[in-house]
Every structure is written in structure tokens, then in C-alpha cells.
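Undergrad: sequence first, predicted model second:
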Amino acid sequence: MVVLPPRLRAGDRVRLVSPASYPSSELLAASVRTLEGWGLVVEVGKHALDRHGYMAGLDEDRLADLNDAYRDPGVRALFATRGGAGAYRIADDLDFDAVRADPKPLVGFSDITNLHLALWRECQVAGVHGYLDGERSAAATRSLLMDGERAVLRRDPSALTAAVEVAGVARGHLVGGHLGTVAWTVGAGLPSLDGAILFLEEPRVVGLGHVDRHLTQLMRSGSLRGLRGVALGRFLGFEGYVDRDWDVVDVLRDRLGSLGVPVIGGIDVGHGDAPLSLPLGPVAELDADAGSLKVSPAVR
């Protein structure tokens, strides 16, 4: 059963943390302004702007910022300043006892998928695959956290993945995020997907083979047994990209079409400009025939 944190209210304290890569000072300042505009009291993690290679400081410091926020009863939500790389190093060392004792939502995506998966595996606490940069994204995230609204997303017929569809209706807890991260956690902490709806999005790093390999790894490992449906977000950078007559739609159809579960594409969530936000953990209703994905509220 999903654990829903309390919804945010004006005057609540929230904390910006950098569990992965470091943000620019400009991006951090913009995030502070956005959250203050919601009437929240904003704190910045001690190591949010640290630098250690491509990460926001040493592993132990990034982890300390996360655990300090989870242990502080006055902090009511955590917002990742950005994704990047490094959250996978510390995901298993979160203070899960503190999370269970005082559930609060984590907002982030991309490499932050590592933390969402760990929190779901250990605590079944809801989070938000979300973004603060840009008015549309910030408004979507605010609605989920402060209004307690359910997310209702419809297939965008102009989106690249809208052409991927397997008819049917499914219901289950929504789990997932960045495809590469989900695949990489096979054998390293991927939670059970039995009875779940899997949400996937991915920006192009190399070519179609990476998408194919990630999906095949999930299938061959047995991780998709009991899966009830798949929802596809943005696959940024694959627009117009063709490899020997195939594009990413062909790969997604070829791999996912064999699962025997409903699939909906064209969900406007993922990397790129002004994405929408999505609760992770609550029960979702996927209707590929109607072109909709409805997700229960992420907070109570």
C-alpha cells in the first residue's frame, strides 16, 4: 500500500538538495524564487553547490544533506536541484527509518529515479517525477503537492511516442522514470514491478541500441513478470533519428508489443522544455483506447 505524505501548505519549510550533479547558481536561485512564490519557506542543503567531478560534492556529503532533510521534522518536502549523475551511489544508504517515521515527498527526475526506486522499494512512499524550471512545469508540480490533485494526462498526438500503442486498460501502482536507470537497477535494487504500471522516458545519449538493450535487460531478467501496463513519456533527441530504417518507435513497438499488456505513448513527461509532472507510487489507471493516464494524488 502506498504511503502518502501530507500535502504542502503555505508557510511549510522545504529543502533544496543536490543528490546527483550540481546546479548552476542561477538555476538554484530560480528554484528558490519559484518555491517562495508558492508561499513556502525555502532552505538550501549545505552541500547543494559543492563540486566533486560531475557530482555535487562527496558521496557522504550529498547523502548527509538528504538524511538531514528526512530527519528534520520541520522539513515537509525535498526538491532535487537537478539530475545528472551520482544519486545511484547513495540510494541504498538513505535513512529509510526516518522516511518511514515521517514521510515527505521527494521531487526530481532523471538520475533522481534511483532515489524514487529505493524509496518505493523500502518505504512505499509516494514521490513526484517533477521539475521546477519553467512556468508550466512548476505549475504542474505545485498542483500535485499543494492542491493534492490527481494527475490526468492524455496522449499528445504530436509526441514521438504517441505512435506506440497496445490496446487495453490497466490499473496498478505507477513506478519508474528514466529508462536507463530502471534497467541499471536490475540486480541492484529494482523494486518488484508485479502488479505495477511502468512509466518510462529517456533522452537520447547514443543510439537506438541503448533503448533496445535497456528494454531487453528488463525482459530477460524477469523484472517485468506481472507488469500490468506501460506508459511512455518523452524520448528526447530521437526525433528524426533513424538507424537502418528503424526509429525509436519501431524499437518500442518491437520490444513492448510482446509483453501482452496495454501500452500508451505520448505522455508529456520527461526530459526537455516544460514537461509536466507525474506522481510515482500511487495507483494509476491506464486506458490506451481512450488515450489517458490518470494517477491518484501523491499527497493526502
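TA: Yep, it's here.
Undergrad: can we go C-alpha only for contacts and neighbour counts from here?
TA: Noted.
Undergrad: verify the contact between Leu218 and Thr181 for me.
TA: No. In this structure Leu218 lies outside contact range of Thr181 using Cα atoms under 8 Å: 11.1 Å.
Undergrad: more neighbours: those two, which one.
TA: The neighbour comparison of Leu218 against Thr181 (other Cα atoms under 10 Å) goes to Thr181, with 21 against 18.
Undergrad: shouldn't that one be in contact with His116?
TA: No. Thr181 is not in contact with His116 according to Cα under 8 Å; the separation is 10.6 Å.
Undergrad: where do the contact lists of those two overlap?
TA: Common contacts of Thr181 and His116 (Cα atoms under 8 Å, 6 or more residues apart in numbering): none found.
Undergrad: which parts of the stretch 1-150 of the chain are strands?
TA: Applying DSSP state E, counting those that start in this stretch to the stretch 1-150 of the chain gives strands spanning 13-17, 41-44, 75-80, 106-108, 127-129.
Undergrad: so can I have a markdown table of the ones you listed showing mean pLDDT?
TA: Shown next, in a markdown table, are the strands of the stretch 1-150 of the chain (pLDDT from 0 to 100):
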| stretch | mean pLDDT |
| --- | --- |
| strand 13-17 | 98 |
| strand 41-44 | 98 |
| strand 75-80 | 98 |
| strand 106-108 | 98 |
| strand 127-129 | 98 |
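Undergrad: same list, the ones you listed, but as TSV with distance to Asp59 and mean neighbour count please.
TA: Formatted as TSV, the strands of the stretch 1-150 of the chain follow (distance: least, Cα to Cα, whole Å; neighbours: other Cα atoms under 10 Å):
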stretch	distance to Asp59	mean neighbour count
strand 13-17	13	25
strand 41-44	17	17
strand 75-80	15	23
strand 106-108	18	27
strand 127-129	22	26
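Undergrad: make JSON lines out of the ones you listed and add distance to Leu27.
TA: As requested, those are exported to JSON lines (distance: least, Cα to Cα, whole Å):
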{"stretch": "strand 13-17", "distance to Leu27": "11"}
{"stretch": "strand 41-44", "distance to Leu27": "12"}
{"stretch": "strand 75-80", "distance to Leu27": "11"}
{"stretch": "strand 106-108", "distance to Leu27": "14"}
{"stretch": "strand 127-129", "distance to Leu27": "18"}
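Undergrad: and Gly291, how far is that from Asp254?
TA: 20 Å (Cα to Cα, to the nearest Å).
Undergrad: ok, these two, which is more surrounded?
TA: For Gly291 versus Asp254, the count of surrounding residues by other Cα under 10 Å is larger for Gly291: 21 against 13.
Undergrad: phi, psi for the more buried one please.
TA: Main-chain dihedrals, Gly291, degrees, to the nearest 10: phi 70, psi 40.
Undergrad: how many neighbouring residues does the closest residue to it other than its chain neighbours have?
TA: Closest residue in space to Gly291, ignoring its immediate chain neighbours: Arg155 at 5.1 Å, by Cα to Cα, 6 or more residues apart in numbering. Number of residues near Arg155 (other Cα under 10 Å) recorded here: 22.
Undergrad: how about Arg155, what does it touch?
TA: Residues near Arg155 by Cα under 8 Å, 6+ apart: Ala162, Ile264, Gly265, Gly266, Ile267, Asp268, Gly291, Ser292.
Undergrad: helix or strand: which one has the residue nearest to Glu202 when sequence neighbours are not counted?
TA: Using Cα to Cα, 6+ apart and skipping the chain neighbours, the partner closest in space to Glu202 is Phe235 (4.8 Å). Element membership for Phe235, per DSSP states H and E: none, as it lies in no helix or strand.
Undergrad: can you give me the helices for the stretch 151-300 of the chain?
TA: Remark: helices assigned in the stretch 151-300 of the chain by DSSP state H, counting those that start in this stretch are 179-184, 208-220, 248-256.
Undergrad: so what secondary structure elements neighbour the shortest one?
TA: Helices and strands touching helix 179-184, by 3 or more Cα pairs under 8 Å, 6 or more residues apart in numbering; DSSP states H and E, are helix 113-123, helix 208-220.
Undergrad: mind listing the helices for the stretch 1-150 of the chain?
TA: 25-37, 59-71, 87-90, 96-101, 113-123, 135-146.
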